[in-house]
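Q: output the structure for:
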Amino acid sequence: MPDVVWKIANTELVEGIGLPEVQMICGGKAAEGMTVKEVITVHNLKRAMQFMLANLDRPVDLDLVKEYNRIVCESLCDKPGEIRSYPVRITGTDYKPGMPAIGKIEEVLQLAKEIDHS
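A: The predicted structure is shown next:
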């Protein structure tokens, strides 16, 4: 599992982190030179992967997505596990994502279910 966590962390959240550091964190030890935020991020990603693997038979619905988000964002974001209700920016760009809409999220999840069952 550390290699999957490393790929997610290195691509999205903790640029430049090495697999040995992720392995240490996944093993319950903090890697030297890492920030608290980086350690929490990797630890949360590990927990989120464990949650997903433990719930493979569960239908993908809004509650599942919110729980995954809660685990990933715990101690890192405002209101983890809740749909964002404030504007955000993507660092390093001028792009501003639109506000999420529950109806649209549920529509996408329904489409995913239909693809999965086809």
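Q: how about the host helix or strand of residue 69: buried residues?
A: Assessed by DSSP states H and E, residue 69 sits inside helix 62-73. Across helix 62-73, burial judged by 16 or more other Cβ atoms under 10 Å covers 65, 67-73. For every residue, glycine as well, the C-beta is placed using N, CA and C.
Q: can you put those residues in a markdown table and add distance to residue 91 and pLDDT?
A: Converted to a markdown table, the buried residues of helix 62-73 look like this (distance: Cβ to Cβ, whole Å; pLDDT from 0 to 100):
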| residue | distance to residue 91 | pLDDT |
| --- | --- | --- |
| 65 | 23 | 93 |
| 67 | 26 | 97 |
| 68 | 22 | 95 |
| 69 | 19 | 94 |
| 70 | 22 | 97 |
| 71 | 22 | 97 |
| 72 | 17 | 94 |
| 73 | 16 | 93 |
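Q: residues making contact with the helix ranked longest in the chain?
A: Criterion DSSP state H: the longest helix present in the chain is helix 36-54. Residues outside helix 36-54 that contact it (Cβ atoms under 8 Å, 6 or more residues apart in numbering) are 1-2, 4-5, 8-9, 13-14, 17, 21-22, 25-26, 30-31, 67-68, 71-76.
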